[in-house]
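> From the sequence below, what's the structure:
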Amino acid sequence: MFQGLTGWHLLVVLAVILLLFGAAKLPALAKSMGQSARVFKSEMKEMKRDDEVASAQSSDVPRPADSGTAPAVAPEPRRSTDPTV
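The predicted model follows:
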């Protein structure tokens with residue numbers, strides 16, 4: 001898909017991005033993308049930790065013999081680390 005792309009193609013793409021967004025908005029755009037990636041990464045770690053805790057708890061809790069499903073438990077609300085929310 002990208003085998004034919006060269007350095008000139010990248011230069012043209014960067015020039016088009018510069019024209020669309022303007023030089024003044026590019027640092028803010030990069031900062032916003034960095035913050036979004038940081039929040040996404042921390043949420044993924046939190047989800048993995050929640051899964052590990054849930055699997056450890058479910059292996060400790062005996063299931064009732066007459067029911068084939070586990071009791072429903074409401075999830076705890078997540079706290080956002082994003083200061084703009």
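> ends of stretch 18-32, how far apart?
Terminal residues of stretch 18-32 are spaced 16 Å apart (Cα to Cα, to the nearest Å).
> which residues touch it?
residue 17 (Cβ atoms under 8 Å, 6 or more residues apart in numbering). In short, each C-beta sits where N, CA and C put it, glycine included.
> Please state the offset of it from the chain centre?
With Cα atoms, centre = their mean, to the nearest Å as the basis, stretch 18-32 stands 22 Å off its chain's centre.
> Just the buried positions in that stretch, please.
Residues of stretch 18-32 include none that count as buried (16 or more other Cβ atoms under 10 Å).
> Give the rounded mean pLDDT of it.
On average, the pLDDT along stretch 18-32 is 86.
> Report the contact partners of residue 48.
So residue 48 contacts nothing (Cβ under 8 Å, 6+ apart).
> element containing it, please.
Following DSSP states H and E, one finds residue 48 within helix 26-60.
> Now residue 76: which helix or strand?
Going by DSSP H and E, residue 76 is not in any helix or strand.
> where does this protein dip in pLDDT?
1-2, 60-75, 80, 82-85 (pLDDT under 70).
> If we use 80, what do you get?
Where the chain drops to pLDDT under 80, the residues are 1-3, 5, 58-85.
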